[in-house]
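> What follows is a predicted protein model with its sequence.
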Amino acid sequence: MRNKLETLIRLHNIDHELLQLEKSKGDLPQRVESLRNEFKALEAELQQQQDKIKELEAKKARQAGEAEVLKEQLKKYRNQLYQVKNNKEYDAITIQIEESETKRDELEYNNLELEEQIQELETGVQSLHEKIHSQTEELEQQQKELEVVLSKSQDREEKLLKQRQDIQKELPRPLYSSYERIRIGRGGAALAFLDRGACSECSSRIPPQRGVEIRQMDKLILCETCGRILVYDPERENSHVELAK
């Protein structure tokens, strides 16, 4: 069991360094991802606004065409007024003129409303262009910062991951599964060291007899408070002694 626990300590040290490398990135990865999502949302909104403008402009053009047709009809009807032979024909043409004028006025009024909507949308599109430009600059800056951080840690991270895979192969599957379960559940630290009679992670006091058993490293012992695997590292204890002198 001692060899297995010492292997777990090696694995723990690698996981600890990997965790520190991840922390060194800060919240840059999350910020970059958030900016990317915001950028996509702005582009989608911009496309939606542009499509709406095209739709309104097409409708405006159709109605303008219909209004022109009505204007030509009105000219024709007015010319016919001079050719009528009786009041009945005159009344019929007058009704057609009134109906055409009403439709023409309605179309022209609708087009004025459409023009206002188009102008409002174009203002929004311009604002979105400005936001996207600003977002692009910020995203590029954050990506460059992240690339610098990653370039510094990438080689070391790859080496550590390779070492981790090799160490994992040395451990029995049940023991590794327990280690991983505790590590994930305890924020990245599955092991705790006997540290001056206490758990190094949660600082709970460990009875002397339990401390003796931990030092022997011949069985798996869990901290009764935090549930981590308790191990003993003479070098760690010696370093505390040296500091205390």
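Here it is on my side, so go on. Numbering: from 1, shown residues only.

> Tell me how far the residue positioned nearest the centre of the chain lies from Ser151.
Central residue of the chain (CA atoms, centre = their mean): Ser34, 3.9 Å from the mean position. As judged by CB to CB, to the nearest Å, Ser34 and Ser151 stand 22 Å apart. In this view, the C-beta of every residue, glycine as well, is placed from N, C-alpha and C.

> returning to that earlier point: Provide the backbone phi and psi angles at the residue nearest to the centre of the chain.
Phi and psi for Ser34, reported as degrees, to the nearest 10, are phi -60, psi -40.

> same question, Arg186
According to degrees, to the nearest 10, Arg186 has phi -120, psi 30.

> Give the burial count for the nearest residue to it once chain neighbours are set aside, as a bare number.
In this structure, Arg186 finds its nearest non-sequential neighbour in Arg228, 6.0 Å apart by CB to CB, 6 or more residues apart in numbering. Neighbour count for Arg228, taken as other CB atoms under 10 Å: 24.

> now Gln47
Residues within reach of Gln47, counting by other CB under 10 Å, total 11.

> Look up the pLDDT of it for me, please.
Note on Gln47: pLDDT of 95.

> Could you do Glu242 as well?
pLDDT, read off for Glu242, is 45.

> Arg181 too?
Arg181 carries a pLDDT score of 95 in this model.

> next helix or strand past the helix or strand containing it?
Assigned by DSSP states H and E, Arg181 belongs to helix 173-185. Note on helix 173-185: by DSSP H and E, the next helix or strand toward the C-terminus is strand 191-195.

> which secondary structure element contains Thr136?
With DSSP H and E as criterion, Thr136 is part of helix 87-170.

> quick one: low-confidence ranges for this structure?
Within the chain, the segments meeting pLDDT under 70 span 237-245.

> related to what we said a few turns ago, and the helix holding Thr136, what does it pack onto?
Judged by 3 or more CB pairs under 8 Å, 6 or more residues apart in numbering; DSSP states H and E, helix 87-170 is in contact with helix 2-24, helix 28-81.

> picking that back up, what's the spacing between the residue nearest to the centre of the chain and Glu115?
38 Å.

> would you turn the helices and strands packed on helix 87-170 into a markdown table with distance to Glu170?
Shown next, in a markdown table, are those (distance: least, CB to CB, whole Å):
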| stretch | distance to Glu170 |
| --- | --- |
| helix 2-24 | 5 |
| helix 28-81 | 31 |
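
> Determine which stretch of the ones you listed is the most buried.
Using mean count of other CB atoms under 10 Å, the stretch among those with the largest mean neighbour count is helix 2-24, at a mean of 16.

> which other helices and strands contact it?
helix 87-170, helix 173-185, strand 191-195, strand 229-231.

> Return the alpha-carbon coordinates of the second one using PDB.
Output of helix 173-185 as PDB, limited to C-alpha atoms (Å, rounded to 0.1, in the frame of the first residue of the first chain):
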ATOM      1  CA  ARG A 173      -8.500   1.200 -11.200                       C
ATOM      2  CA  PRO A 174     -10.600   1.200  -7.900                       C
ATOM      3  CA  LEU A 175      -8.000   3.300  -6.200                       C
ATOM      4  CA  TYR A 176      -7.700   5.800  -9.100                       C
ATOM      5  CA  SER A 177     -11.500   6.000  -9.300                       C
ATOM      6  CA  SER A 178     -11.700   6.900  -5.600                       C
ATOM      7  CA  TYR A 179      -9.000   9.500  -6.000                       C
ATOM      8  CA  GLU A 180     -10.700  11.100  -8.900                       C
ATOM      9  CA  ARG A 181     -14.100  11.100  -7.200                       C
ATOM     10  CA  ILE A 182     -12.600  12.900  -4.200                       C
ATOM     11  CA  ARG A 183     -10.500  15.300  -6.300                       C
ATOM     12  CA  ILE A 184     -13.500  16.400  -8.300                       C
ATOM     13  CA  GLY A 185     -15.700  16.700  -5.200                       C
END
